[in-house]
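>>> Turn this into a model:
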Amino acid sequence: MAKSTHAGGPKTPGPPWAWACTLLFAGVTLVAVLPNFSVVLVAFSSAWHATVLPARFTLDNFRLALGHDLTVPSIANSLKYSCLSTLVDVVLGVAIAYVIVRTRVAGRAILDFLVMLPLAVPGLVLAFGYLAMTRDGRLFSFSQPRGKSGPPACHCLLRSAACPIWSARPPPVPADERDVGGGGGKPGCPPLRTTVRITLPLIMANLIAGGLLAFAFAMLEVSDSLVLAQKQAYYPITKAIFELFQLLGDGRFLASALGTWAMLFLGLVIAGASLLLGRKLGAIFRA
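Next up is the predicted model:
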């Protein structure tokens, strides 16, 4: 009688292979974070030319960056745009996930493909597509970027299109849950109430993590901000960093300082959310 076979589980590599894998991932990580290290070094420097490290270090760049005329309005704009787009992302993400997973509507697979498609399209292409869509005489001409509603509308549109990045798809609910709240032969909760009272609390941690990811994408969106934000009053923080970099003299130092402030802010938001949720964000996104 032949022995039964089973699929092999994970195996621990030997010391040489373990060290090789560690060095490989450490090298890839180092290359990935080098631009961030460079920005931080420039932010702390006052002179850096033809040397490996800055010749002089200073903290004045951070104070001057926050005190510049472009900084405070751009931070307020980014927070406003990001919060608004995150709200739209949450609503659309939950609705799309519900339609794809819980319904039997024809064309669900096509909807799933279409909402994932923006992930393969660069933000610059989306920005120019938005410009073409809002030209005079077009259906969305009322939301042209040169108007007051332009920047918020473009951020909501582009970030909402990418909501499948984080949308938490509700797990299948057993048939018994349809009877929750029922009694005496009466039918239980309708699907909407079941979703609100049972499913949403179960996936709330995933929604919070997804909302943070959408917020981070909106805060640091570069390509569409550079194209669509045409008035200084509506500059987001990324456009303000770009404009500061164009200044002669200490422009690159101020831009790097403001970029470092932005990275620190987002890092604190993600770390705080991880502490509030009581688990690592990687575990929340894990299937």
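>>> In terms of secondary structure, what does the helix ranked longest in the chain contact?
Ordering each helix of the chain by length in residues (DSSP state H) puts helix 71-102 first. The contact analysis (3 or more Cβ pairs under 8 Å, 6 or more residues apart in numbering; DSSP states H and E) places helix 71-102 against helix 108-116, helix 150-161, helix 204-219, helix 237-245. No exception for glycine: its C-beta is placed from N, CA and C like everyone else's.
>>> how far does that helix sit from the chain's center?
In terms of Cα atoms, centre = their mean, to the nearest Å, the centre of helix 71-102 is set 9 Å apart from its chain centre.
>>> Tell me the buried residues in that helix?
The neighbour-count check on helix 71-102 (16 or more other Cβ atoms under 10 Å) flags 71, 73-75, 77-79, 81-82, 84-86, 88-90, 92-94, 96-100, 102 as buried.
>>> Check stretch 218-230 too.
Going by neighbour count (16+ other Cβ under 10 Å), the buried part of stretch 218-230 is A218, M219, L220, E221, S223, D224, S225, L226, V227, L228, A229.
>>> Would you check which pair of these lies furthest apart?
M219 and V227 (17.2 Å; Cβ to Cβ).
>>> Figure out which of the helices and strands packed on helix 71-102 is closest to H49.
Of these, nearest to H49 by Cβ to Cβ is helix 237-245, at 16.7 Å.
>>> S38: which of the buried residues of stretch 218-230 is nearest?
L220 (16.6 Å).
>>> which one is the closest one nearest to, not counting chain neighbours?
T238 (6.4 Å; Cβ to Cβ, 6 or more residues apart in numbering).
>>> Neighbours of that neighbour, how many?
22 (other Cβ atoms under 10 Å).
>>> which stretches of this structure aren't confidently modelled?
Applying pLDDT under 70 to the chain flags the ranges 1-10, 142-189, 276-287.
>>> which of the residues in the helix or strand hosting S46 are buried?
Secondary structure assignment for S46, by DSSP states H and E: strand 45-47. Buried positions in strand 45-47, judged by neighbour count with 16+ other Cβ under 10 Å: S45.
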